[in-house]
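Student: Mind folding the following:
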Amino acid sequence: MDAISQVLPEAAEIIPPYTLVRPARLFTPLVFACPHAGRFYPEEMLAASALDTAAIRRSEDAFVDRLIGGAVERGVPVLSACYARAYIDVNREPYELDQGMFEDELPAFACARTARVAAGLGSIARVVAEGQEIYRGKLTFGDAKRRIEQVHRPYHAALKALLDEARSLFGVAILIDWHSMPSAAAGSARSPAPDLVLGDRFGAACSRLVTGAWERELSALGYRVARNAPYAGGFTTEFYGKPERGMHALQIEINRGLYLDEARVEPNAGFERLEQDLRRTFTFLAAADWSRLT
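Tutor: Residues are numbered from 1 along each chain as shown. Got it, this is the predicted structure:
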């Protein structure tokens, strides 16, 4: 599939809402998800957009799904969204919508007053990076509902099923939700940006044993690792992270400067090294004894 895929409307239904790659057998309670690396932009969205294809891709966590693909060989299932984040953001509540984007009245159950909506980043985003408006005109609620029902709900149904399966087999489930961040997101003149940010909702979404294990392994490879700043975890981390129920969720943000030419949205010379380092981390953590969490 090309970086920006355009298909005829009648062919759009052949694009699944997600891809799920499973090992032949599950050996670990770890479950990996990648909600923002989707590269499919339906034709009707591109036709309604005020942006060119380069600008609209700035919201992607580009190629993160490829960075984590080696986890399957370590016994970890990997779920990845196929549709672009700018089309439907599965790391939001499904009806986290901005009334100002729609020509018709939103139903009362739509969550239209959150901080993310105010920033233009609801489940149907109003802007991409640098605050650029995506659409030339108004959308309809029917369009939003279709995106939610065809993409958002199936993605989360698959994710819930994976977590329930892991908890049934191992007594505990550990979701690692993979993202990437702009290289300048957390840096300053006096303090360089971290290489990775671990977001556990300040301890509310997973046990400190989980966060600590990932921090130790990644730091041992020479990466600068931060916790909860500037990203403490999004909807997925908060929704699924219920340690008291045996459900742990950790968000990991990767600095794009490590692996991506951000201007061209292409892997850079560091991609292979990061991919290999992550494989080493997956090997160790997939084999770890997580029974302490139960």
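
Student: What residues sit buried inside the helix or strand of the chain with the lowest mean pLDDT?
Tutor: Lowest mean confidence among the helices and strands of the chain (mean pLDDT, DSSP states H and E): helix 53-56, at a mean of 88. Of all the residues in helix 53-56, those buried under the rule 16 or more other C-beta atoms under 10 Å are 55-56. C-beta coordinates here come from the backbone N, C-alpha and C atoms, glycine included.

Student: ok, now stretch 167-184?
Tutor: By neighbour count on 16+ other C-beta under 10 Å, the buried set for stretch 167-184 is 167, 170, 172-183.

Student: Show me the residues you listed that map onto strands.
Tutor: Counted as lying in strands by DSSP state E, out of these, are 173-181.

Student: what would the residues you listed look like in TSV with distance to E253 and pLDDT?
Tutor: Below are these laid out as TSV (distance: C-beta to C-beta, whole Å; pLDDT from 0 to 100):
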residue	distance to E253	pLDDT
A173	21	98
I174	17	98
L175	15	98
I176	12	98
D177	10	98
W178	8	98
H179	5	98
S180	6	97
M181	4	96
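
Student: Just checking, which helix or strand succeeds the least confident helix or strand of the chain along the chain?
Tutor: helix 64-67 (DSSP states H and E).

Student: Export only the CA atoms of that next one, formatted as CSV.
Tutor: Coordinates of the C-alpha atoms in helix 64-67 are reproduced here as CSV (Å, rounded to 0.1, in the frame of the first residue of the first chain):
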residue,chain,number,x,y,z
VAL,A,64,5.7,2.6,14.7
ASP,A,65,3.8,-0.6,13.7
ARG,A,66,7.0,-1.7,11.9
LEU,A,67,9.2,-0.8,14.9
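
Student: Show me what that helix is packed against.
Tutor: Helices and strands touching helix 64-67, as assessed by 3 or more C-beta pairs under 8 Å, 6 or more residues apart in numbering; DSSP states H and E, comprise strand 173-181, helix 271-286.

Student: Can you classify G122 by secondary structure?
Tutor: Under DSSP: H, G, I helix; E, B strand; the rest coil, G122 falls in the coil class.

Student: cool, T19 as well?
Tutor: T19 - assigned by three-state DSSP - is strand.

Student: isn't it right up against V72?
Tutor: No: T19 is not in contact with V72 according to C-beta atoms under 8 Å; the separation is 11.2 Å.

Student: what distance separates the least confident helix or strand of the chain from the centre of its chain?
Tutor: Between the centre of helix 53-56 and the centre of its chain there are 19 Å (C-alpha atoms, centre = their mean, to the nearest Å).

Student: Any chance of TSV for the ones in strands among the buried residues of stretch 167-184, columns distance to A112?
Tutor: As requested, these are exported to TSV (distance: C-beta to C-beta, whole Å):
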residue	distance to A112
A173	32
I174	33
L175	27
I176	31
D177	25
W178	29
H179	24
S180	28
M181	26
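
Student: Can you tell me which of these is closest to V117?
Tutor: H179 (19.3 Å; C-beta to C-beta).

Student: What is the longest helix along the chain packed up against?
Tutor: The helix that spans the most residues within the chain, counting by DSSP state H, is helix 153-170. The contact analysis (3+ C-beta pairs under 8 Å, 6+ apart) places helix 153-170 against strand 18-21, strand 30-34, strand 78-81, strand 173-181, helix 235-240.

Student: Relative to D52, how far out is the residue nearest in space to the middle of the chain?
Tutor: A centroid search over the chain (C-alpha atoms, centre = their mean) returns P35, at 3.1 Å, as the residue closest to the centre. Distance from P35 to D52, counting by C-beta to C-beta, to the nearest Å: 24 Å.

Student: How about Y41?
Tutor: Distance from Y41 to D52, by C-beta to C-beta: 12 Å.

Student: Have a look at these two and say which one is more surrounded.
Tutor: Y41 (22 against 10; other C-beta atoms under 10 Å).

Student: Quick check: the more buried one touching C82?
Tutor: No: between Y41 and C82 there is no contact under C-beta under 8 Å: 10.7 Å.

Student: Low-confidence regions, the stretch 1-150 of the chain specifically.
Tutor: Applying pLDDT under 70 to the stretch 1-150 of the chain flags the ranges 1-13.

Student: wait, G241 sits on L175?
Tutor: Yes: if you go by C-beta under 8 Å, G241 and L175 touch, sitting 7.5 Å apart.

Student: Check the contact lists of the two and give me the overlap.
Tutor: 247-250 (C-beta atoms under 8 Å, 6 or more residues apart in numbering).

Student: Brilliant, that's me finished.
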